[in-house]
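J.: when you get a sec, could you give me coordinates for this:
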Amino acid sequence: MKTVLIVDDEATFRKAICASLKARGYNTLEAEDGIMGLDVAAKHRPDIILSDVHMDNMNGFMMVETLQQEAMTARIPVIMMTSQAQGAGAWQAEANITYLDKGFSIPDLVATIEKVLKK
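T.: Presented below is the predicted three-dimensional model:
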């Protein structure tokens, strides 16, 4: 069973994603910002991280930069959930980051998770 860490400052959205993934057989972990996401990732080493881009305290890009500097978390793939995936151009070169436009369906999310985990 794969473990997914969801990092998003919108509690309702985060909990809905968790419930949907649990119903499909995934273990889930939650974090409300990038700082908490770093802590949870280091302690639990999830198989994949779903993160919002825009959050208070530490945004998703800063969290990913920090994750990639630590040997224990550097290889965890990340799916960045954003309404501005097209404008995230500079980050598209990063092999460990996949972008998913917010407004996605749960089947699209699950398909993206499965595709990334198979890499």
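J.: could you use CA atoms for every contact and neighbour count after this?
T.: Noted.
J.: quick one, helices of the chain?
T.: Assignment of helices within the chain using DSSP state H yields the ranges 11-23, 34-44, 60-69, 106-118.
J.: in JSON lines, list those helices along with mean pLDDT and mean neighbour count.
T.: Formatted as JSON lines, these follow (pLDDT from 0 to 100; neighbours: other CA atoms under 10 Å):
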{"stretch": "helix 11-23", "mean pLDDT": "95", "mean neighbour count": "15"}
{"stretch": "helix 34-44", "mean pLDDT": "96", "mean neighbour count": "18"}
{"stretch": "helix 60-69", "mean pLDDT": "90", "mean neighbour count": "17"}
{"stretch": "helix 106-118", "mean pLDDT": "94", "mean neighbour count": "14"}
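J.: any chance of the ones you listed in TSV, with distance to residue 1 too?
T.: As requested, the helices of the chain are arranged in TSV below (distance: least, CA to CA, whole Å):
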stretch	distance to residue 1
helix 11-23	10
helix 34-44	14
helix 60-69	23
helix 106-118	12
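J.: what does the pLDDT read for the most centrally placed residue in the chain?
T.: Centroid-nearest residue in the chain, with CA atoms, centre = their mean: residue 50, separated by 1.5 Å. Listed pLDDT for residue 50 reads 96.
J.: so for stretch 48-61, what gets flagged as buried?
T.: 48-55, 58-61 (16 or more other CA atoms under 10 Å).
J.: scratch that, stretch 97-106
T.: For stretch 97-106, by 16+ other CA under 10 Å, it's 97-100.
J.: CSV for these, including pLDDT and distance to residue 111?
T.: Converted to CSV, these look like this (pLDDT from 0 to 100; distance: CA to CA, whole Å):
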residue, pLDDT, distance to residue 111
97, 83, 15
98, 85, 12
99, 83, 13
100, 86, 11
